[in-house]
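I'd like to go over a predicted model; first the sequence, then the structure.
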Amino acid sequence: MSFLNINNVSHTYFTSRHVTKAIDHISFTVEEGEFVSLLGPSGCGKTTLLSIIAGLMQPTEGEISIDGKRPHVQHSSIGYMLQQDYLFPWKTIEENILLGLKMMKLLNETSKHDALQLLADIGLNGVEKQFPRQLSGGMRQRAALVRTLAVKPKVLLLDEPFSALDFQTKLKLEDLVFDTLKQFKKTAVLVTHDIGEAISMSDRIVLLAAKPGRIHKIFNVPEELRELKPFSVRSKEAYSLLFNEIWKELESLETDE
Ligand SMILES: Nc1ncnc2c1ncn2[C@@H]1O[C@H](COP(=O)(O)OP(=O)(O)OP(=O)(O)O)[C@@H](O)[C@H]1O
């Protein structure tokens, strides 16, 4: 059995006006320490699938297991990072990064020390007593990453965490998040619209088609790219080849609609 198992998962939204089959019989697995991206056109069900993996929603069909258990959002084994940092504006950075630990009753001298150490490692020492509004967007997203990692989740779910940032900050943060996840050997699932980001950060890319959301194709990122930092990956020939291959597949999906 793999670390993360997505087994025949379908989800339909029922509203008073519409019935929308968002995802249809999706199955794939993620091994421990692996980084997998979900890529696909708008509306193909990426966020729906990630919310189900996080235990925020129950699928209408199928099942998920993480480390042998059904996911539950209040379990510290799952870390969730979103496009917006969702730091509490009235709390200091230190209070914000310790919040998850506090809520999960995991706050003690050691966990506090580790969280503050991670904050320093990520280049944010000195900001502990500041408030989120005093930090740039990239710094806030780094603080959000520390808060997510502080509870030592087994799997990280990243829903377009860099898409609200300027390009240069985004490239820097991709490297930083990649390094941090490798250092702690974390399993991660990333939702992104950005082919370059998917290739440069992942071991595998699951390309979804829309209406209803389903797996179109799974790409293995070449071995030679996997250990490189995301920024260095972008200048390699193997990167350009895979980029073009995925681009063509995405175009064919859009013309199929
Ligand atoms: N709460 C909801 N109620 C009803 N329909 C929904 C709801 N959330 C999503 N949908 C529908 O489910 C489908 C998949 O949506 P989802 O947001 O998961 O796709 P996505 O791939 O993440 O999209 P995007 O790339 O635009 O963020 C879409 O047709 C969407 O309209």
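Cool, the structure landed.

so where's the stretch 51-200 of the chain uncertain?
Along the stretch 51-200 of the chain, segments meeting pLDDT under 70 span 73-76.

Residue in it with the shortest distance to the ligand?
When scored by C-beta to the nearest ligand atom, the stretch 51-200 of the chain has His193 as its residue closest to the ligand, at 6.1 Å. Every C-beta, even on glycine, is put in place using the N, C-alpha and C of the backbone.

What count of nearby residues applies to that residue?
14 (other C-beta atoms under 10 Å).

and it, how far is that from Ile78?
In this structure, His193 and Ile78 are 23 Å apart, going by C-beta to C-beta, to the nearest Å.

related to what we said a few turns ago, quick check: the residue of the stretch 51-200 of the chain closest to the ligand touching Ser163?
Yes - in this structure, His193 is within contact of Ser163 by C-beta atoms under 8 Å, at 7.1 Å.

tell me which parts of the protein are close to the ligand?
Counting by C-beta under 6 Å from any ligand atom, the residues of the chain close to the ligand are 13, 15, 20, 22, 40, 42-48, 213.

rerun that using 8 Å as the cut-off
The chain comes close to the ligand at residues 13-15, 18, 20, 22-23, 40-51, 160, 191, 193, 208, 210-213, as judged by C-beta under 8 Å from any ligand atom.

Quick one: buried ones out of these?
Using 16 or more other C-beta atoms under 10 Å as the burial test, those include 22-23, 40-41, 43-51, 160, 191, 208, 210, 212-213 as buried.

Quick one: mark the members of the residues you listed that sit in helices.
Within these, residues falling in helices by DSSP state H are Lys46, Thr47, Thr48, Leu49, Leu50, Ser51.

Apart from its neighbours in sequence, what residue is nearest Ser65?
In space, and not counting its chain neighbours, Ser65 is closest to Asn5: 4.7 Å by C-beta to C-beta, 6 or more residues apart in numbering.

How far does the helix or strand encompassing the one you found sit from its chain's centre?
Per DSSP states H and E: Asn5 is located in strand 4-14. Strand 4-14 sits 18 Å away from the centroid of its parent chain (C-alpha atoms, centre = their mean, to the nearest Å).

Would you mind checking the average pLDDT for that strand?
Averaged over strand 4-14, pLDDT sits at 96.

rewinding a little: who's in contact with the residue nearest to Ser65?
Asn5 is in contact with Thr29, Glu63, Ile64, Ser65, counting by C-beta atoms under 8 Å, 6 or more residues apart in numbering.

Please convert the buried members of the residues you listed into ChimeraX selection syntax.
The ChimeraX selection below is limited to those of the contacts of Asn5 classed as buried (16+ other C-beta under 10 Å):
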select :64,65
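
CSV for the contacts of Asn5, including secondary structure?
Formatted as CSV, the contacts of Asn5 follow (DSSP: H, G, I helix; E, B strand; the rest coil):
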residue, secondary structure
Thr29, strand
Glu63, strand
Ile64, strand
Ser65, strand
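
Just give me the closest of the contacts of Asn5 to Lys182.
Taking C-beta to C-beta as the measure, Lys182 lies nearest Thr29 of the contacts of Asn5, at 20.3 Å.

hang on, isn't that closest one packed against Ser2?
Yes - the pair Thr29 and Ser2 qualifies as a contact (C-beta under 8 Å) at a distance of 3.6 Å.
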